[in-house]
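Visitor: Kindly generate the corresponding structure for this input.
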Amino acid sequence: MARAVTRHHRVWALRAALLATSLASFQTTAIAAVRLCQPVVSSGLITAPTELEAKKRALDAWKILAQQHGEPYASWRLAADKLLECLPHKTGGFECLAKGAPCTIEQAPDRRELREKRLDM
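Guide: Alright, predicted model coming up:
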């Protein structure tokens, strides 16, 4: 009985090894995303009656400036070196500043594709 169980385990181990080898032979292509950034832009000081409104206006002003680099750069979420700061204004309300480097995400081309282009294939 012990001999049959041992043989059974060896058969399964062999099958697992064959499956792993066949899966490893498939070529996989990894595609990487790259973040491309422009120089930092600033909304300037924006004043509003509430802090929430001042933040929204500062971000809107930043997005307009960032969009000058193209629509994909107008995302605050993708921006680098971000700063959104608000302080109470001396005459009431709040004053906010939004500052950051507008960025976008692009897919990096496959290395094989770059090589083919370089070799005119």
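
Visitor: in its sheet, what does the strand or helix carrying Lys82 sit against?
Guide: Using DSSP states H and E, Lys82 maps to strand 80-88. Strand 80-88 sits in its sheet next to strand 94-101 (antiparallel), going by DSSP bridges.

Visitor: what angle separates the helix or strand just after the strand it pairs with from strand 80-88?
Guide: Beyond strand 94-101 on the C-terminal side, the first helix or strand identified by DSSP H and E is strand 103-107. Compare the direction of strand 103-107 with that of strand 80-88 by axes from the mean of the first three to the mean of the last three CA atoms, to 10 degrees and you get 150 degrees.

Visitor: give me the beta-bridge partners of the closest residue to Arg35 other than its chain neighbours?
Guide: Counting by CB to CB, 6 or more residues apart in numbering, Arg35 lies nearest to Cys103, which is 5.0 Å off, once chain neighbours are set aside. C-beta coordinates here come from the backbone N, C-alpha and C atoms, glycine included. Note on Cys103: beta-bridge partners by DSSP bridges are Cys37.

Visitor: quick one: Cys103 and Ala33 touch, right?
Guide: No. Between Cys103 and Ala33 there is no contact under CB atoms under 8 Å: 11.4 Å.

Visitor: tell me which helix or strand of this structure sits lowest on mean pLDDT?
Guide: Among the helices and strands of the chain, helix 2-24 carries the lowest confidence by mean pLDDT, DSSP states H and E, at a mean of 55.

Visitor: follow-up on the earlier one: what are the buried residues along the strand holding Lys82?
Guide: Across strand 80-88, burial judged by 16 or more other CB atoms under 10 Å covers Leu84, Cys86.
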